[in-house]
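**Q** Provide a 3D model corresponding to the input given below.
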Amino acid sequence: MRTNLTIDDDVAALLERLRKTRDASLKALVNEGLRRGLQMMADRPKRRAPFRTRSVSLGPVKIASVDDIGEALAIAEGEHYG
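**A** Predicted structure coming up:
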């Protein structure tokens, strides 16, 4: 298949550098890159729905405020804390 392709400057520079080091044609490098990229996209699993944590009721609050540590301990451990 013959087509026109506009390549960004940074990608063109990378292709040219790779073409010189591999002594390969531009056509071969572009086809190899497209093959690998498309295969990676095909192998990637489909996006899943985002994980959601369901909320549950823990009942009424037992301690109105933790500003009074003595009261919080008395409620949490019973009146007989040390």
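**Q** Where does the prediction get shaky in this protein?
**A** Regions of the chain meeting the criterion pLDDT under 70 cover residues 80-82.
**Q** What are the boundaries of the helices in it?
**A** Using DSSP state H, the helices found in the chain span residues 9-22, 26-43, 69-77.
**Q** right, and these - which one's nearest T53?
**A** Closest to T53 of the helices of the chain, according to Cβ to Cβ: helix 69-77, at 26.1 Å. Where C-beta positions appear, they are placed from N, C-alpha and C, glycine not excepted.
**Q** Need the residues that contact that closest one.
**A** Contacts with helix 69-77, where a contact means Cβ atoms under 8 Å, 6 or more residues apart in numbering, come from K62, I63, S65, V66, Y81.
**Q** now swap in stretch 56-67 and tell me
**A** Outside of stretch 56-67, the residues within contact range by Cβ under 8 Å, 6+ apart are E71, A72, I75, A76.
**Q** Please save the CA atoms from it in CSV.
**A** Extracted C-alpha coordinates of stretch 56-67, given in CSV (Å, rounded to 0.1, in the frame of the first residue of the first chain):
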residue,chain,number,x,y,z
VAL,A,56,-21.2,1.3,55.0
SER,A,57,-22.8,2.7,58.1
LEU,A,58,-20.8,2.1,61.2
GLY,A,59,-23.6,3.2,63.5
PRO,A,60,-23.8,6.3,65.7
VAL,A,61,-20.7,8.0,67.0
LYS,A,62,-19.8,6.8,70.5
ILE,A,63,-17.4,9.6,71.3
ALA,A,64,-18.6,13.1,70.6
SER,A,65,-15.1,14.6,70.7
VAL,A,66,-11.6,13.3,71.3
ASP,A,67,-10.5,16.6,72.8
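**Q** list the buried ones in it?
**A** Neighbour counts over stretch 56-67 (16 or more other Cβ atoms under 10 Å) mark no residue as buried.
**Q** Quick one: distance of that stretch to the chain centre.
**A** Distance, stretch centre to chain centre, for stretch 56-67: 35 Å (Cα atoms, centre = their mean, to the nearest Å).
**Q** quick one on the thing from earlier: in a markdown table: the helices of the chain, plus mean neighbour count.
**A** Output for the helices of the chain, formatted as a markdown table (neighbours: other Cβ atoms under 10 Å):
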| stretch | mean neighbour count |
| --- | --- |
| helix 9-22 | 11 |
| helix 26-43 | 11 |
| helix 69-77 | 12 |
